[in-house]
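Sequence plus the predicted model coming up.
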Amino acid sequence: MSSTPRQGRLARSGVAGLALAKVGLAKISHGAAQLARDEASRLQAQAAHEEKLGRILFSALNQLKGTALKASQLLSMELGLLPEGLREQLAQAHYQATPLNRAHVIKLLRQEFGQGPEQLFAEFQPQAFAAASLGQVHEARAHSGERLAVKLQYPGMAATIASDMSLLRGLLRGLQGGGLAGLPDEKLLKSVLADIELKLAEELDYQREAAELSWFAQQALPPELVVPKLFPGLSSGRVLSMEMLEGLHLEAWLAQHPSQALRDHFGQLLLTQFVHSLLGLRRLQADPHPGNYLFMAQGRLGLLDFGRTLDLPGAFVDLIQSAWRARLAIDDAALLQTYRESGLIAPSLSLREFQAQLLPILAPLLDWQLEPWRHAHYDFGQLKPLPRMDAAAQAQAMALLHQLPPELPFFDRAYLGLLQMLRRLGARVTMPRDWLSRDRHQEL
């Protein structure tokens, strides 16, 4: 017999409660281990402690499955937010999926279309070949002959978002004060988790994703970029059917030891797509996960997963252009003025205060983001790892920042994801630096 919603909530709360108890014991053990150690031993113990707490947290989220596990994946993608040992454990969520059995697959299709897979498709593989955001992907063939990728949403996802996010907030609060020096300021963490909750809700709306998929397919994209064709008659709020693209994800493609020329080609393509989306389309794919790209034959790049996109108002594009131009020119006054006009910082913050209190915190990340744009040609194999901001600096920055533009976290995530992919490719590219001086109304 299946459990009632109340029994399900109690069971999920029990998982979280047990994890918090384990965190408490780990704190005590770590506190004792830190006594009378030399610096090298303390650093080693700290890394082991981060990993242990990460295993505890991931184990709990993995038991909760569903939206809790997806939230774990999204949290791990917030580069620089969490201590690395903790982040690496949460990143395992990228590879965890409990597949739906055949009976659930048939039930879902009947609920959505009133027919089973035998009637809907000429062929349908009951075993999923890939995981997807809060679901899984099956191979099928349409009655018209085209090969399809059919994404099915796991049942009950919408009902667990609020409760799972509440449990996750409680688990992360339990880590505070537990010897994790790199945990973010509570205000920042609250903002990130609110964003993740919104992202989960949007990713559950497959009809919205279908509309975004169709929109991107209709745009004038570079010919090497491939957006799969939507099959609207075989799509619904919980099922998304699209053209099957043939290709490899990043790590599988790299395992084939592609030439430097191919790495450079795909790196240039990724960069061109980003700038075109920013300045031309003014709409971004806001999920930077490498699994959302397929490296295809003949130098083509497949774009997957449009569950989260971001519309970019002209004022926001102006903000990015102005801020980046100012920092590249080392013009602190211009950068301050841009931040003031955008509402990012209070008008009362003077240039001297900005230079003494806020800029030293922001500069390492800004300069890392902008390093490639200082060169006409750039080798991303030389890009250093993302600099970390410690908890104290995060708290100070959040206290001085006035109002974050709502688009900024999404843009930062997409841009940082791009840089990480280019770095992983080791791509050598020509930087399209003219976009920084081009008016946003000009054609690309």
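In hand now; what should we look at? Residues are numbered from 1 along each chain as shown.

Please make it C-alpha for all contacts and neighbour counts, starting now.
Noted.

Can you give the domain ranges for this structure?
5-97+156-200, 101-153+205-244, 247-444 (automatic domain parsing).

okay, those in JSON lines with mean neighbour count and mean pLDDT next?
Listed next are these as JSON lines, based on neighbours: other CA atoms under 10 Å; pLDDT from 0 to 100:
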{"stretch": "domain 5-97+156-200", "mean neighbour count": "18", "mean pLDDT": "66"}
{"stretch": "domain 101-153+205-244", "mean neighbour count": "17", "mean pLDDT": "94"}
{"stretch": "domain 247-444", "mean neighbour count": "17", "mean pLDDT": "90"}
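
what residues are up against Arg424?
Applying CA atoms under 8 Å, 6 or more residues apart in numbering to Arg424 gives the contacts Gly381.

Next secondary structure element downstream of the helix or strand hosting it?
If you go by DSSP states H and E, Arg424 is part of helix 408-425. Using DSSP H and E, the helix or strand that follows helix 408-425 towards the C-terminus is strand 428-430.

elements contacting that next one?
Secondary-structure packing of strand 428-430 (3 or more CA pairs under 8 Å, 6 or more residues apart in numbering; DSSP states H and E): helix 260-275, strand 377-379.

Strand partners (parallel or antiparallel) of that strand?
Paired with strand 428-430 in the same sheet, following DSSP bridges, are strand 377-379 (antiparallel).

I'd like the next helix or strand past the partner strand.
From strand 377-379, the next helix or strand downstream (DSSP H and E) is helix 391-400.

other SSEs contacting that next one?
With contacts taken as 3+ CA pairs under 8 Å, 6+ apart, helix 391-400 sits against helix 186-203, helix 359-370.

tell me the angle the longest one makes with helix 408-425.
Going back to what we said before, that points to helix 186-203. 80 degrees (axes from the mean of the first three to the mean of the last three CA atoms, to 10 degrees).

Check whether Ala158 really touches Glu203, as I assumed.
No: assessed by CA atoms under 8 Å, Ala158 is found out of contact with Glu203, at 10.0 Å.

Give me the distance between the nearest residue to Leu401 once chain neighbours are set aside and Arg374.
Among residues not flanking Leu401 along the chain, Ile345 sits closest, at 4.8 Å (CA to CA, 6 or more residues apart in numbering). Here the criterion is CA to CA, to the nearest Å. By it, Ile345 lies 26 Å from Arg374.

do Val137 as well
Plainly put, Val137 is 42 Å away from Arg374 if you go by CA to CA.

repeat for Leu386
Applying CA to CA, the value for Leu386 to Arg374 is 17 Å.

And Ala162, by the same measure?
Distance, Ala162 to Arg374, by CA to CA: 44 Å.

Kindly report the same for Lys70.
Here Lys70 is placed at a distance of 37 Å from Arg374 (CA to CA).

quick revisit: any residues in contact with both of Ala158 and Glu203?
With CA under 8 Å, 6+ apart, Ala158 and Glu203 have no common neighbours.

Which one, of the helices and strands packed on strand 428-430, ends up nearest to Leu172?
Leu172 lies closest, by CA to CA, to one member of the helices and strands packed on strand 428-430: helix 260-275, at 33.1 Å.

Given the helix or strand following the closest one, what are its sheet partners and their directions?
On the C-terminal side of helix 260-275, the nearest following helix or strand under DSSP H and E is strand 283-285. When pairing is defined by DSSP bridges, strand 283-285 lines up against strand 309-311 (antiparallel).

Can you name the residues that contact Met431?
So Met431 contacts Pro372, Trp373, His375, Ala376, His377, Tyr378 (CA under 8 Å, 6+ apart).

If we use 6 Å, what do you get?
Applying CA atoms under 6 Å, 6 or more residues apart in numbering, we find Met431 in contact with Ala376, His377.

Same check on Arg102?
By CA under 6 Å, 6+ apart, the contact set of Arg102 is Pro126.

One more pass at 10 Å, please.
By CA atoms under 10 Å, 6 or more residues apart in numbering, the contact set of Arg102 is Leu108, Gln125, Pro126, Gln127, Ala128.

can you tell me how far it sits from Glu84?
Arg102 sits 38 Å away from Glu84, going by CA to CA.

what do you get for Gln382?
Distance of Gln382 to Glu84, given as CA to CA: 21 Å.

go on, Val105?
Counting by CA to CA, the gap from Val105 to Glu84 is 37 Å.

got it, and Gly302?
Gly302 is 30 Å from Glu84, by CA to CA.

What of Leu319?
Computed as CA to CA, the Leu319 to Glu84 distance reads 31 Å.

Please export the alpha-carbon coordinates of stretch 372-381; PDB is fine.
Below are the C-alpha coordinates for stretch 372-381, written out as PDB (Å, rounded to 0.1, in the frame of the first residue of the first chain):
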ATOM      1  CA  PRO A 372      39.800  36.600 -21.700                       C
ATOM      2  CA  TRP A 373      38.500  39.900 -22.800                       C
ATOM      3  CA  ARG A 374      41.800  41.600 -22.300                       C
ATOM      4  CA  HIS A 375      43.200  39.700 -25.300                       C
ATOM      5  CA  ALA A 376      42.300  39.600 -29.000                       C
ATOM      6  CA  HIS A 377      43.000  35.800 -28.900                       C
ATOM      7  CA  TYR A 378      42.800  33.700 -25.800                       C
ATOM      8  CA  ASP A 379      43.800  30.200 -24.800                       C
ATOM      9  CA  PHE A 380      41.300  29.100 -22.200                       C
ATOM     10  CA  GLY A 381      43.600  26.300 -21.200                       C
END
